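1. return a 3D structure for these sequence lines:
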Amino acid sequence: MVQYLSDKVISSEAQSVLDEGRKLWQAYFTHIDNHMVREQLKLNRPDVGWFQVRNALTARNNSGDYMPVSFSNFEAAYTQLTDKLRPMVYELNFLKV
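-> Residues are numbered from 1 along each chain as shown. Now for the predicted structure:
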């Protein structure tokens, strides 16, 4: 993904999503999850994605064993990007009226 994005120009909204997502990714790697969570979410695999990271951070938040990680900045950035792109879905013919 880094190589793909290297020569692309992205909007400030998309950059905000990437920046906030990077913060969550870094928070994910600050701790090792317990065995049950690692097994349940398949966190020992090399292809761990957003689904696993998000759910691992949520499990940590729910356990109370770690400092809570807030998703609010990411969700706000994602909402801004969504609001920008929503009208373009029809304009760019991804969906037809």
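2. pull the distance from stretch 16-34 to the chain's centre.
-> Relative to its chain's centre, stretch 16-34 lies at 8 Å (CA atoms, centre = their mean, to the nearest Å).
3. and it, what's its mean pLDDT?
-> For stretch 16-34, mean pLDDT is 95.
4. contacts for that stretch next, please.
-> Identification of contacts with stretch 16-34 by CB atoms under 8 Å, 6 or more residues apart in numbering yields 10, 38, 41, 43, 50, 53-54, 56-57, 59-60, 66, 69, 71, 73-74, 77-78, 80-81. In this view, the C-beta of every residue, glycine as well, is placed from N, C-alpha and C.
5. might you report the residue contacts of residue 58?
-> With contacts taken as CB under 8 Å, 6+ apart, residue 58 has no neighbouring residues.
6. and it, how close does it get to residue 16?
-> When CB to CB, to the nearest Å is the yardstick, residue 58 and residue 16 sit 21 Å from each other.
7. before we move on, back to that, among the contacts of stretch 16-34, name the buried ones.
-> Neighbour counting with 16 or more other CB atoms under 10 Å marks 41, 43, 53-54, 56-57, 59-60, 69, 71, 74, 77-78, 80-81 as buried within those.
8. which pLDDT does the model give residue 88?
-> Note on residue 88: pLDDT of 90.
9. use 850 as the first number for this chain going forward.
-> Done: numbering now begins at 850, and the last item shifts to residue 937.
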